[in-house]
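1. Here is my input, please return the structure:
(4 chains)
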There are 2 protein chains.
Amino acid sequence: MSASLKREAAVEPESKESLRLWLRILKTTRLVEAELRERLRVNFNTTLPRFDVMSALYRNRDGLKMSELSKLLMVSNGNVTGIVDRLSDDGLTLREAVSGDRRAMRVRLTTRGVEEFRRQAEAHEKWVGELLSGLDTPTCREVGALLSQAVIRHKGEITDE
Amino acid sequence: MSASLKREAAVEPESKESLRLWLRILKTTRLVEAELRERLRVNFNTTLPRFDVMSALYRNRDGLKMSELSKLLMVSNGNVTGIVDRLSDDGLTLREAVSGDRRAMRVRLTTRGVEEFRRQAEAHEKWVGELLSGLDTPTCREVGALLSQAVIRHKGEITDE
DNA sequence: GCCTAAAATTTTATGCTTGAAACAAAATTC
DNA sequence: GAATTTTGTTTCAAGCATAAAATTTTAGGC
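-> Numbering: from 1, shown residues only, chains lettered A, B, ... in the order given. Predicted structure coming up:
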C-alpha cells in the first residue's frame, strides 16, 4: 500500500491472509448458524430471524420502533415488516401506535412472547456454549477483542461497536 | 458441566462468554457481508451467492457436480439449482452431462465466466483486505487458527476442516 | 396558510434459502 | 433379474432479504 519500489516477483499480497481469515470466519458462521437454525426449528418451530427479532425486543421490553429494530439487527426496513407480521400473527409480538407520531409503530413482545423467548434463549445459550466449546473462556474473550477491531469501513472509519 | 457441587449463587455461566463471542462473530460477518454485497452489486451487477458459486467453479476448473457444489458451499441442493440457472442464463456457467451417470450434471464456468470471475475476484480480494485491515497479517493467522478449532459439533466430533 | 423536504413504514419485484416431496437413474440386496 | 434402497437433481411452498418505489405524516421555509 504505502511501500514504494517493491520487487515485482514473489510479493506476498498482504490481502491474502485477510482473505483466508474472511473465508474462515464465513465457514465458522455458516457452521454455527446451520446448527442453530436446525435446533430452533426442531425444538421450537421457529427460525433464526424470528429469534433475533424477539431477542432485540426482549432486551428492550418497552418496545422498539420498526426503524430502530431494523437498524439494531442490521437488516433492511422491509424485511422487519414481514417477520413482525408473522410473529404478531402467532401472538408473540404486537404493534402499538406511537402517541404524537402517527407514522411510527412501536413493536413489543406480548406476555406470551416474553415467556416463549425465555425458553428459547436458555436453550440457545446452552447450544452456543456447546458449539463453541473448542475455545475456553479467556480465548473467547481474546478472539472477541480481536474481531472487535478487525473491521474498518470505507474511508478508514472504525465501524464496530 | 463436570464440576460437581458448585455453589448456586454467583456461578458465572461458562456459556456466557461463548455467547458474547458468537454475537461478535455474527456482527463481524454481517458487516463485511453487507459491504461486499453492496460493492458486488454496484461494480459487477452480481450477488454474493453468485460470486461464491463462481469461486468454487473457478477453483475446480474441470467442473463440479451439483451435489459437490452444494456440499462445498454448505447450502441446500435446491438452492444451487436456481443460482446456476441464472448464471447459465447469463452465459457464465454451463451444465454438461456426466458420462456414465445420467442423473448427474457437471457445472463449469464458460470462458466468459472465467474472465468475468477473474475481474471480480481481484476486486473482492482487495476489498476484503481493506475491510479487515484492523488486523495485521500475523494476527489474521492467529485468529484464523483459533476459529478453526472453535466449533465442536454434536457428540464431540470435531467439525471444521 | 402553502410548498417542499424529510422521516417512518409498507409495498413491490426479484432473488436467496430451506426442507420436503417428486422423480429418475444407479446400486444393492435377495 | 426383480425389488428395494440409495443417490443426484429438480420442483415446490414458505419464509427471508434486499433495493427501490409508494404512502402517509411531520417538519421547515417562505
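2. just the CA coordinates of stretch A:133-146, formatted as PDB?
-> Extracted in PDB, the C-alpha atoms of stretch A:133-146 (Å, rounded to 0.1, in the frame of the first residue of the first chain):
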ATOM      1  CA  SER A 133     -16.600 -25.300  23.300                       C
ATOM      2  CA  GLY A 134     -13.400 -25.600  21.300                       C
ATOM      3  CA  LEU A 135     -12.300 -22.300  22.900                       C
ATOM      4  CA  ASP A 136     -12.000 -21.700  26.600                       C
ATOM      5  CA  THR A 137     -13.300 -18.600  28.300                       C
ATOM      6  CA  PRO A 138     -10.200 -16.400  28.100                       C
ATOM      7  CA  THR A 139      -9.600 -17.400  24.500                       C
ATOM      8  CA  CYS A 140     -13.200 -16.400  23.700                       C
ATOM      9  CA  ARG A 141     -12.500 -13.000  25.200                       C
ATOM     10  CA  GLU A 142      -9.300 -12.700  23.200                       C
ATOM     11  CA  VAL A 143     -10.800 -13.600  19.900                       C
ATOM     12  CA  GLY A 144     -13.800 -11.400  20.500                       C
ATOM     13  CA  ALA A 145     -11.500  -8.500  21.300                       C
ATOM     14  CA  LEU A 146      -9.500  -9.000  18.100                       C
END
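3. Checking it against chain B, do any of its residues make contact.
-> Yes - contact between stretch A:133-146 and chain B, assessed by Cβ under 8 Å from any Cβ of the partner chain, occurs at A:133-135, A:137, A:139-144, A:146. C-betas here are computed from N, CA, C, even on glycine.
4. Which one of those is nearest to residue A:68?
-> residue A:144 (24.8 Å; Cβ to Cβ).
5. so what's the closest one up against?
-> Counting by Cβ atoms under 8 Å, 6 or more residues apart in numbering or on different chains, residue A:144 makes contact with B:17, B:20-21, B:24.
6. Then residue A:46?
-> Counted by Cβ under 8 Å, 6+ apart, residue A:46 has contacts A:40, A:120.
7. How much space separates it from residue B:40?
-> Distance, residue A:46 to residue B:40, by Cβ to Cβ, to the nearest Å: 31 Å.
8. In terms of secondary structure, what does the strand ranked longest in chain A contact?
-> Taking DSSP state E as the criterion, chain A has its longest strand at strand A:101-109. If you count contacts as 3 or more Cβ pairs under 8 Å, 6 or more residues apart in numbering or on different chains; DSSP states H and E, strand A:101-109 packs onto helix A:48-59, strand A:64-65, helix A:66-73, strand A:93-98.
9. Include mean neighbour count when you put these into a markdown table, please.
-> Output for the helices and strands packed on strand A:101-109, formatted as a markdown table (neighbours: other Cβ atoms under 10 Å in any protein chain shown):
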| stretch | mean neighbour count |
| --- | --- |
| helix A:48-59 | 19 |
| strand A:64-65 | 18 |
| helix A:66-73 | 18 |
| strand A:93-98 | 14 |
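10. Of all the ones you listed, which one is nearest residue A:80?
-> So among the helices and strands packed on strand A:101-109, helix A:66-73 is nearest, using Cβ to Cβ, at 4.5 Å.
11. Whether the helix or strand that that closest one is followed by contacts DNA strand C - can you check?
-> Going down the chain from helix A:66-73, the next helix or strand is helix A:77-89, by DSSP states H and E. Yes - against DNA strand C, helix A:77-89 shows contacts by Cβ under 7 Å from any atom of the strand at A:77-78, A:80-81, A:84.
12. does residue A:13 count as helix, strand or coil?
-> State at residue A:13, reduced to three classes by DSSP: H, G, I helix; E, B strand; the rest coil: coil.
13. residues touching it, list them.
-> B:125, B:129.
14. Check residue A:37 too.
-> Contacts of residue A:37 (Cβ under 8 Å, 6+ apart): A:47-48.
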